[in-house]
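Colleague: output the structure for:
(chains A and B)
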Number of protein chains: 2
Amino acid sequence: MQLSPTPRSAIRRGKIRARTDRADLADVLASSRICHLGVVVDGCVRVLPTAFGVDFDGPDRGGSLYLHGSVAARSLVDAPTGEICVTVTVLDGLVLARSAFHHSMNYRSAVVLGTPRVVTDEAERALALDAIVDQVVDGRSTHLRAHTKKELAATVVLALPLYEASVKARAGDPVDDASDIDAGGVWAGVVPIAETTGKLRTSADVEPEVAVPQHVLDVADA
Amino acid sequence: MQLSPTPRSAIRRGKIRARTDRADLADVLASSRICHLGVVVDGCVRVLPTAFGVDFDGPDRGGSLYLHGSVAARSLVDAPTGEICVTVTVLDGLVLARSAFHHSMNYRSAVVLGTPRVVTDEAERALALDAIVDQVVDGRSTHLRAHTKKELAATVVLALPLYEASVKARAGDPVDDASDIDAGGVWAGVVPIAETTGKLRTSADVEPEVAVPQHVLDVADA
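Modeller: Coordinates of the predicted model:
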């Protein structure tokens, strides 16, 4: 399936950076723990950081991207009346060129457009909420008790089809004007950027005999 | 000046996480190299990652947040006809609770709403473009040649007042239900997250006698 199947999800600017493989979408989504959700509330565009989960085998066309929030959150509750945009961005490096104009960033980003579906099936809601937890730390959800009815009643879950999506990426060195390279004397290069985890902090109220589980050790410095 | 001066920029959900000091806005903006820009294009909300610059002494109310892009980029050229939203998010930690419901993230985020101004004054345009470069690596702009007329003609610069803004933040341990703490047996805690820089890569076409400048050494591992 083509990654950007509609004119409005086709990349117009910076086509050299467009990616067309759905594997690139999966890579970007797997590389971030937060997304930025764009919604229109009271006629105003709002962009809010939030957690998300992914199930490429989900029931929506192209798979399902899941969002969740309080039933009292207007950004989620009102959103189904219109379209939303979910953007996931991974910053990989600072591209320091010889001119301000050619400064750039190495990055990977995915933009998913569509009208979300309110997930009502209880089994799918539970799967979606597990996917959102596992997006933060893979394997965490199997370590936890089941969601309670009260928790589920307080939570709205939305599914966005992973169908109308586009991916852009930049990698590599700065691209400078020949005249600036010829002039010489200015340092240029890339400063790599990565999201790293620090030394984990166990909550004070955890019993001393409870060991740090492997799924946490896998992501943190013990 | 109050940070969230209008009803629509007042935080309704999660008020416990609301910050009200303009110093918190400055902190969030200083801690990130990218923002997410929300615009409405052809009636559809779009969220795009982009660079930004900040000048708290800029001519807009509360100071100026600068954005730039190609004159051919519809997201920027069409945006001035309507309002935009700029969101900056810093992820500080993964909050792993005993229940999926209480999982969270430690973060700092700023949301700035408003109608952008197209910057036409050439001196302000140059200052804005320098601010955008210096947001990536502080001090970089003074190391570079002046912007050319051709570069300036190809670039649109927008200013958004840093007036109608809100800041939210979460820090600290998970907050679990007493019943889950009493039940025991589940590890809970925080995995700190930080954006780190790797070993810098000098472009192959930089002359061997050009040393890595101090402003780059200040942000990267040499």
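
Colleague: which parts of chain A are helices?
Modeller: Secondary structure of chain A (DSSP state H): helices located at A:22-30, A:74-77, A:122-136, A:149-153, A:178-183, A:214-217.

Colleague: in a markdown table, list those helices along with mean neighbour count.
Modeller: Quick note: C-beta positions are derived from backbone N, CA and C, even for glycine. Putting these into a markdown table (neighbours: other C-beta atoms under 10 Å in any protein chain shown) gives the following:
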| stretch | mean neighbour count |
| --- | --- |
| helix A:22-30 | 18 |
| helix A:74-77 | 19 |
| helix A:122-136 | 19 |
| helix A:149-153 | 11 |
| helix A:178-183 | 12 |
| helix A:214-217 | 16 |
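
Colleague: export the ones you listed to TSV and tack on mean pLDDT?
Modeller: TSV is the format used below for the helices of chain A (pLDDT from 0 to 100):
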stretch	mean pLDDT
helix A:22-30	95
helix A:74-77	74
helix A:122-136	97
helix A:149-153	95
helix A:178-183	97
helix A:214-217	96
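
Colleague: out of those helices, the one nearest B:Ala194 is which?
Modeller: Proximity to B:Ala194 (C-beta to C-beta) singles out helix A:122-136 among the helices of chain A, at 15.9 Å.

Colleague: before we move on, the earlier item: so which of the helices of chain A gets nearest B:Asp57?
Modeller: So among the helices of chain A, helix A:178-183 is nearest, using C-beta to C-beta, at 30.3 Å.

Colleague: helices and strands around that closest one, which ones?
Modeller: Applying 3 or more C-beta pairs under 8 Å, 6 or more residues apart in numbering or on different chains; DSSP states H and E, we find helix A:178-183 packed against no helix or strand.

Colleague: let's see it as PDB, backbone CA atoms only.
Modeller: The C-alpha trace of helix A:178-183 is given here as PDB (Å, rounded to 0.1, in the frame of the first residue of the first chain):
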ATOM      1  CA  ALA A 178      29.900  26.100  -3.400                       C
ATOM      2  CA  SER A 179      30.900  29.700  -2.800                       C
ATOM      3  CA  ASP A 180      30.800  29.200   0.900                       C
ATOM      4  CA  ILE A 181      32.900  26.100   0.700                       C
ATOM      5  CA  ASP A 182      35.400  27.900  -1.500                       C
ATOM      6  CA  ALA A 183      35.600  30.800   0.800                       C
END
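
Colleague: what's in contact with that helix?
Modeller: A:Ala97, A:Arg98, A:Ser99, A:His102, A:Val186, B:Arg145, B:Asp205 (C-beta atoms under 8 Å, 6 or more residues apart in numbering or on different chains).

Colleague: if we can go back for a sec, now the helices of chain A in CSV, with distance to A:Tyr163?
Modeller: Formatted as CSV, these follow (distance: least, C-beta to C-beta, whole Å):
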stretch, distance to A:Tyr163
helix A:22-30, 10
helix A:74-77, 20
helix A:122-136, 17
helix A:149-153, 27
helix A:178-183, 42
helix A:214-217, 31
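
Colleague: out of those helices, which is closest to A:Arg170?
Modeller: The nearest among the helices of chain A, by C-beta to C-beta, is helix A:22-30 at 12.6 Å.

Colleague: so is the closest one next to chain B?
Modeller: No - using C-beta under 8 Å from any C-beta of the partner chain, helix A:22-30 never reaches chain B; the gap is at least 11.2 Å.

Colleague: these two touch, right, A:Val77 and A:Val156?
Modeller: Yes - counting by C-beta atoms under 8 Å, A:Val77 touches A:Val156, with 6.0 Å between them.

Colleague: alright, I will stop here.
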